[in-house]
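K.L.:
Give me coordinates for this.
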Amino acid sequence: PRPLQVKRKLNLETDHQYIAESLPVSRGKARNPAKGAKSPGEKSRYETSLNLTTKRFLELLSQSPDGVVDLNWAAEVLKVQKRRIYDITNVLEGIQLITKKSKNHIQWLGSQATVGAPGRHRLLEKELRELQAAERQLDDLIQMCTVQLRLLTEDPANQQYPLVEGRGWLAYVTCQDLRSIVDPAEQMVMVIKAPPETQLQVSDPAE
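P.N.:
Predicted coordinates for the structure are as follows:
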């Protein structure tokens, strides 16, 4: 037998109102058509980070003779929004490293060694380079003296008078050596080797 078909009348009249909801957004990664090369004026995330801004702000503090900085000026120099400067000053004020002098002026209260660390570091690096240069000069002088001493001891003329107990060789200065470096008409040079506490009396040539 053929089943009976029942027609149901739909009641379209209702007191409820329905608000159309937007379709859920897919969780997949949306493509950004504008993604590409950054504009020349756009800064990287690192450059605008609060960490880097804090370091640069502390450098401004170190350059201030009395430790006072205008926040408006600091925002212009650092090229950041003023709210970022306020984020930094709020933290520094909370740990009692700065104090507010006025609405837009703060003063550093911490140790000068702390705020001046970058400048102190550069000064130490400069001193280190100077010390290294002086050390190289001393090394060159030591090497030159070592070579001259070796040539002096290896000279056959200086090996004619061996030192007692064979510990080395003696080098003598002759009259010809003195005359080659000193004009006798101008001054007289005397070389004397004497025991300790020896007294030497020299009369005036005019007498």
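K.L.:
what's the domain layout of this protein?
P.N.:
Following automatic domain parsing, the chain resolves into domains at 50-115, 121-181.
K.L.:
Would you mind giving the ones you listed as TSV with mean neighbour count, mean pLDDT and distance to residue 202 added?
P.N.:
Glycine gets a C-beta too; all of them are placed from N, C-alpha and C. As requested, those are exported to TSV (neighbours: other CB atoms under 10 Å; pLDDT from 0 to 100; distance: least, CB to CB, whole Å):
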stretch	mean neighbour count	mean pLDDT	distance to residue 202
domain 50-115	15	84	59
domain 121-181	10	76	17
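K.L.:
would a markdown table of these with distance to residue 199 be doable?
P.N.:
A markdown table is the format used below for these (distance: least, CB to CB, whole Å):
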| stretch | distance to residue 199 |
| --- | --- |
| domain 50-115 | 57 |
| domain 121-181 | 24 |
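K.L.:
what residues are up against residue 50?
P.N.:
84, 87-88 (CB atoms under 8 Å, 6 or more residues apart in numbering).
K.L.:
So which of these is the closest to residue 197?
P.N.:
residue 88 (72.6 Å; CB to CB).
K.L.:
and the closest one, that's in a strand?
P.N.:
No: judged by DSSP: H, G, I helix; E, B strand; the rest coil, residue 88 forms no part of a strand; its state is helix.
K.L.:
my guess is it meets residue 57, correct?
P.N.:
Yes: if you go by CB atoms under 8 Å, residue 88 and residue 57 touch, sitting 5.4 Å apart.
K.L.:
between the domains of the chain, which gets nearest to residue 204?
P.N.:
domain 121-181 (22.0 Å).
K.L.:
those helices in the protein, which residues are they?
P.N.:
Assigned by DSSP state H, the helices in the chain fall at 50-63, 71-78, 82-94, 112-115, 117-154, 175-181.
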